[in-house]
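[1] predicted model follows, preceded by the sequence.
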Amino acid sequence: MAQTNNSWQETKRKERIKSRRRQREAALERERLIQEQRDRERRQQTIIGVVTVAIIVIAALIIGGALIYNNYKKNHQDVASGRQERYAAVQAVKVKPSYATSEGGFVLSKNGIGKKAAGAPTVEEYMDFICPGCGSANRALDATLIKMVDAGQINMEVHPEGFLDASSTDNYSTRAAAAVVYVLENDPNHALQFITSLFSSENQPGEASNYVPVTNAKIQKIARSAGVDATVAKKSTSGKYTAWVQAMAKYTPYRSELWNVSGSNKGAMTTPTFRINKHFWDYSASSKSGSDWKTLFLHAIGMNKANIGVTGKLPSIGASGKPIA
């Protein structure tokens, strides 16, 4: 009888051990899945602003169409009002960059800053220097973009933004963007190289809990390494354009033409955002979706890889065509 009881207890003990093992394994699996999701999110676009739009469905139209229409209309009125208010705040900033467009972009071409190359498409990029998705895009595209700018094949319109200050402990997004704006104003020939260096794997900091403080001296050093004039590099972190960058960061997400038009982020601005010839480039819905950034981009503008940097070989979409889906 005692032997039977001992056997029963031993069986129960083994079952408890197995149960605890399964619980530990389940917990580890949950942690692994959570970490994978976090990694995916870090690799994906960063959501900057979401504007909720009323969803009109058939049943709702039947039950309360007038109410829904009024809510939908009010939402868009609020967005328009918010855009106007924030644009007024941008205009009220005392120190504004002289080369910036009315929407805060800086056009770079073979002809210099603010002078477009005729017949070439204009590529706009809205970037934040701590954004992981921006880093991935720029590390893949920058060498190609610079070659094409130098050859007169594209005009590059850059929008340095300070959206993600909350992802650092020292407002890195704004400080880096303001430094880039200073270089654009004072040494534009090295601005694209400076942007490239800020986004390099070596220099781009992690975000949130992975962020390690970046000093102004480090930003200056990165600028010098990109060929920026030493005096300009030193003054780039003076904060001259900080107020303007901060005002632009509040205004830009209200531009509905920059909101995603498909996918889970539809109706929200994310970084990186690209427009080509003022048409939103929905790269996530491209027929080449799943390809690398360079393949996606060249397909969108109608450019043969072999012609990158070849003067006179222009993208097929020209200066006004839409991105090729």
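    Yep, it's here.

[2] ranges for the strands of the stretch 1-150 of the chain?
    For the stretch 1-150 of the chain, applying DSSP state E, counting those that start in this stretch gives strands covering 46-50, 106-109, 112-113, 122-128.

[3] who does the second one touch, helix- and strand-wise?
    Other helices and strands packing on strand 106-109, by 3 or more CB pairs under 8 Å, 6 or more residues apart in numbering; DSSP states H and E, are strand 155-161, helix 191-198. C-beta coordinates here come from the backbone N, C-alpha and C atoms, glycine included.

[4] now swap in the shortest one and tell me
    Packed against strand 112-113 by the contact rule (3+ CB pairs under 8 Å, 6+ apart) you find no helix or strand.

[5] that strand: how far from the chain's middle?
    Relative to its chain's centre, strand 112-113 lies at 24 Å (CA atoms, centre = their mean, to the nearest Å).

[6] for it, which strands pair with it and how are they oriented?
    Strand pairing for strand 112-113, using DSSP bridges, gives strand 106-109 (antiparallel).

[7] that older thread, check the strands of the stretch 1-150 of the chain for me and report the most buried one.
    Of all those, strand 122-128 carries the top mean neighbour count, a mean of 24, counting by mean count of other CB atoms under 10 Å.

[8] could I have the CA atoms of that strand written out in CSV?
    Provided in CSV are the C-alpha atoms of strand 122-128 (Å, rounded to 0.1, in the frame of the first residue of the first chain):
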residue,chain,number,x,y,z
THR,A,122,11.1,65.8,-57.9
VAL,A,123,11.4,63.4,-55.0
GLU,A,124,10.3,64.6,-51.6
GLU,A,125,11.3,62.8,-48.5
TYR,A,126,10.0,63.5,-45.0
MET,A,127,12.5,62.1,-42.5
ASP,A,128,13.2,61.9,-38.8
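
[9] quick one, that strand and helix 191-198 angle?
    Strand 122-128 runs at 40 degrees relative to helix 191-198, counting by axes from the mean of the first three to the mean of the last three CA atoms, to 10 degrees.

[10] residues contacting strand 122-128, please?
    46, 48, 105, 107, 116, 134, 137-138, 145, 154-164, 173, 177, 195, 252, 258, 269, 271-278, 301, 319 (CB atoms under 8 Å, 6 or more residues apart in numbering).

[11] ok, 6 Å please
    Residues from elsewhere that reach strand 122-128 (CB atoms under 6 Å, 6 or more residues apart in numbering): 134, 154-159, 161, 163-164, 173, 271-277.

[12] any weak-confidence spans in this protein?
    1-10, 12-14, 17-45, 49-76 (pLDDT under 70).

[13] can you give me the helices in it?
    In the chain, the segments counted as helices under DSSP state H are 2-43, 58-92, 132-150, 172-186, 191-198, 216-225, 230-235, 242-251, 293-301.

[14] contacting residues around the fourth one?
    Right, the one you point to is helix 172-186. With CB under 6 Å, 6+ apart, helix 172-186 has contacts from 97, 99, 106, 128-130, 160-162, 164-165, 191, 194, 198, 214, 219, 228, 232, 236-237, 241-242, 245-246.

[15] gap between the two ends of stretch 247-266?
    24 Å (CA to CA, to the nearest Å).

[16] how far off centre is it?
    Centroid separation for stretch 247-266 versus its chain: 11 Å, with CA atoms, centre = their mean.

[17] residues of that stretch that come out buried?
    247-255, 258-260, 265 (16 or more other CB atoms under 10 Å).

[18] out of those, flag the one nearest to Ala285.
    Distance to Ala285, by CB to CB, is smallest for Asn260 among the buried residues of stretch 247-266, at 9.4 Å.

[19] does the closest one touch Thr271 like I think?
    No - if you go by CB atoms under 6 Å, Asn260 and Thr271 don't touch, sitting 11.1 Å apart.

[20] next, the buried residues of stretch 174-191.
    For stretch 174-191, burial by neighbour count (16+ other CB under 10 Å) applies to 174-188, 190-191.

[21] stretch 128-144 now?
    For stretch 128-144, the neighbour count (16+ other CB under 10 Å) marks 128-138, 141-142, 144 as buried.

[22] over to stretch 225-233?
    Buried residues in stretch 225-233, counting neighbours by 16+ other CB under 10 Å, are found at 226, 228-229, 232-233.
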